[in-house]
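# Build me a structure from this.
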Amino acid sequence: MNRSDSPPVVLLVDDEPEVRDLFMQVLNADGIRSVQASTAEHALALLESGLLPSAVLLDLQMPGMGGLGFLLQLRADRRYAGLPVTVVTGDSYIAQTTRAAVEALGASVSFKPLAFDEILALAHRMIGSPAFAPPFTPELRRGKPGSLR
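Numbering: from 1, shown residues only. The predicted structure is shown next:
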């Protein structure tokens, strides 16, 4: 079975179990499978073990390498160069340099809390994007008009 025949899978990377569980329940209720990782290192191990997600929802502030470190590692591996990633952070402010780095690495940024319909819209936008197809389009990096950003 190749990637296009598989149902979508979203990798949820967040150190807060309540956040991961909420996102998982919302996605699963809509038929989107999710896999959880509590650290960036755990997420990288899942990828190394063969997980091929359709998209990643990624927390920025986590113990260990954190979200930005994960994103750097992810983009360094050409297998994941086009994987849609959205940083979903509870921070009320992100330094411009951090935001620029996230966007330069082809990810978008959304802020918690997100309503159920916003979680689904975000997931569907990422899943509907051409996964594993670099280079990134401006729509993927900056979000489309009316997007969650």
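
# Can you classify residue 12 as helix, strand or coil?
With DSSP: H, G, I helix; E, B strand; the rest coil as the basis, residue 12 sits in strand.

# And it, how close does it get to residue 28?
From residue 12 across to residue 28, the span is 11 Å (CB to CB, to the nearest Å). For every residue, glycine as well, the C-beta is placed using N, CA and C.

# got it, and residue 73?
Note on residue 73: its distance to residue 28, by CB to CB, is 27 Å.

# of those two, who's got more company?
Relative neighbour count places residue 73 above the other of residue 73 and residue 28, with 16 against 12, counting by other CB atoms under 10 Å.

# Contact partners for the more buried one?
Applying CB atoms under 8 Å, 6 or more residues apart in numbering, we find residue 73 in contact with 40, 44, 65.

# redo that, cut-off 10 Å
40-41, 43-44, 47, 65, 80 (CB atoms under 10 Å, 6 or more residues apart in numbering).

# Return every residue with contacts to both of residue 12 and residue 28.
Here residue 12 and residue 28 have residue 34 as joint contacts, going by CB under 10 Å, 6+ apart.

# before we move on, back to that, which of the contacts of residue 73 tops the neighbour count?
residue 43 (27 neighbours).

# So it sits against residue 20, correct?
No: look at residue 43 against residue 20 with CB atoms under 10 Å: they stay out of range, at 11.2 Å.

# what's the burial count for residue 38?
When neighbours are defined as other CB under 10 Å, residue 38 has 18 of them.
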